[in-house]
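Engineer: Quick check, what structure comes out for this input:
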Amino acid sequence: MDVNAMAAFGVSAPEEEIYRHFLRNPRTPADEVHLLIRADREHALRCLGRLRDLGLLQPEDPDDGEGLVCPTDPEVALARLVDQRLNDLHEELQRVTRSRHVVDGLRAEQAARRESPAGIEQLEGVDEIRDRIDDLAFFARHEILAVEPHPRLSPENIARSRPLDLRCLRRGVRLRNIVVRAALDDAPTADYLRELVAHGAQVRVTDEPSERMLVYDGGTALVPLDPQNTARGALLAHKSGLVVNIIALFEKIWASAEDLATAENGGRPPGDELSEIEQRVLVSMCTGGKDEAGARELGVSVRTYRRYVADLLQSLRATSRAQAALLARERGWI
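Structural biologist: Numbers count the residues shown, from 1 in each chain. The predicted structure follows:
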């Protein structure tokens with residue numbers, strides 16, 4: 001038999017021993033149980049009282065006066081204990097997740113030694129910044145906004161960010177990330193972004209470099225103290241006009257950015273195939289013939305033909321027709 005196998009349900013070893021005794025000897029008088037299990041009488045009575053509170057023991061007949069005790073059927077008793085234990089754990093988890101004020105109070109002890117504008121904290125050093133990001137991600141409940149200006153995430157950054165991001169997504173927190181287009185050229189970074197999207201995050205790509213920013217639940221924003229050297233520290237703003245302005249900047253960048261899947265598909269939404277005439281223009285363009293000949297073959301004007309060419313160059317993000325031909329072949333368009 002396992003030692004205190006019922007510990008997970010909040011039952012101590014002596015209590016479990018008494019319960020098991022009553023399962024074997026269901027009509028034992030309560031006043032005699034301490035003799036049978038060789039235990040202190042007061043201690044045994046306390047255990048009996050708690051077993052009754054837990055619903056594991058009950059009087060056989062409350063009116064007969066003999067003090068005979070019967071054990072509750074184990075299946076019924078343990079089902080009740082499992083429900084109670086899960087309820088206790090749920091309440092404990094809620095208490096933990098509502099304990100943000102404790103962290104804020106402890107942080108206030110640090111903030112007291114340095115002067116900062118009202119509602120703004122100055123974080124010093126990479127370790128302190130990372131700790132605050134961990135805290136903010138853990139307590140986020142609704143949405144996290146992020147702008148990542150670096151074209152590459154190091155393996156260390158990815159390893160650190162992955163559990164935080166995936167845990168937030170599992171809890172139903174909405175993640176909206178903006179990255180620069182160059183990030184798609186780094187395979188580990190691009191793979192990580194696709195993984196986030198697969199788990200429910202929204203990722204958009206921008207051509208406009210910006211500074212790093214993080215916003216949590218619309219009320220707390222983190223920005224670098226020196227964008228050129230993020231190791232110098234960061235500013236953490238709480239529910240101020242600065243947060244409102246940072247969110248407005250984020251939304252402006254978001255509105256003009258491309259969805260990740262579209263950006264990886266040469267500017268076309270996933271599944272958006274070339275039209276028949278675009279396919280013919282692309283083939284004609286890649287053969288190196290003159291525009292006049294290509295237009296004549298397709299039965300369109302030279303001006304219309306060149307507009308199709310310009311649109312295809314933009315979709316492929318090519319700077320020349322030769323580069324467009326290479327990119328089109330890589331993507332299986334021709």
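Engineer: now the strands for the stretch 51-200 of the chain?
Structural biologist: Counting by DSSP state E, counting those that start in this stretch, one finds strands in the stretch 51-200 of the chain at the ranges 57-59, 69-71, 120-123, 143-148, 174-180.
Engineer: which one of those strands lies closest to residue 95?
Structural biologist: Closest approach to residue 95 among the strands of the stretch 51-200 of the chain (Cβ to Cβ): strand 143-148, 23.1 Å. (C-beta placed from N, C-alpha, C; glycine too.)
Engineer: Any buried residues in that closest one, and which?
Structural biologist: For strand 143-148, a neighbour-count test (16 or more other Cβ atoms under 10 Å) marks 144-148 as buried.
Engineer: try stretch 251-266
Structural biologist: Those would be 253-254, 257-258, 260, 262-266, for stretch 251-266 by 16+ other Cβ under 10 Å.
Engineer: Could you pick out which of the residues you listed are located in strands?
Structural biologist: Here DSSP state E is the test, and the buried residues of stretch 251-266 give residue 258 as lying in strands.
Engineer: Give me the subset of the buried residues of stretch 251-266 lying in helices.
Structural biologist: 253-254, 260, 262-264 (DSSP state H).
Engineer: Could you dump the strands of the stretch 51-200 of the chain into JSON lines with distance to residue 286 and mean pLDDT added?
Structural biologist: Listed next are these as JSON lines, based on distance: least, Cβ to Cβ, whole Å; pLDDT from 0 to 100:
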{"stretch": "strand 57-59", "distance to residue 286": "85", "mean pLDDT": "80"}
{"stretch": "strand 69-71", "distance to residue 286": "84", "mean pLDDT": "80"}
{"stretch": "strand 120-123", "distance to residue 286": "53", "mean pLDDT": "84"}
{"stretch": "strand 143-148", "distance to residue 286": "36", "mean pLDDT": "93"}
{"stretch": "strand 174-180", "distance to residue 286": "30", "mean pLDDT": "93"}
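Engineer: To residue 291, which of these lies closest?
Structural biologist: Across those, residue 291 has its closest neighbour in strand 174-180 (34.5 Å, Cβ to Cβ).
Engineer: Which other helices and strands does that closest one contact?
Structural biologist: strand 143-148, helix 155-170, helix 187-198, strand 202-206, helix 241-256 (3 or more Cβ pairs under 8 Å, 6 or more residues apart in numbering; DSSP states H and E).
Engineer: Show me what the helix or strand following the fourth one is packed against.
Structural biologist: Reading on from strand 202-206 to the C-terminus, the next helix or strand found by DSSP states H and E is strand 213-216. Under the contact criterion of 3+ Cβ pairs under 8 Å, 6+ apart, the helices and strands touching strand 213-216 comprise helix 126-139, strand 143-148, strand 220-224, helix 241-256.
Engineer: Thanks a lot, catch you later.
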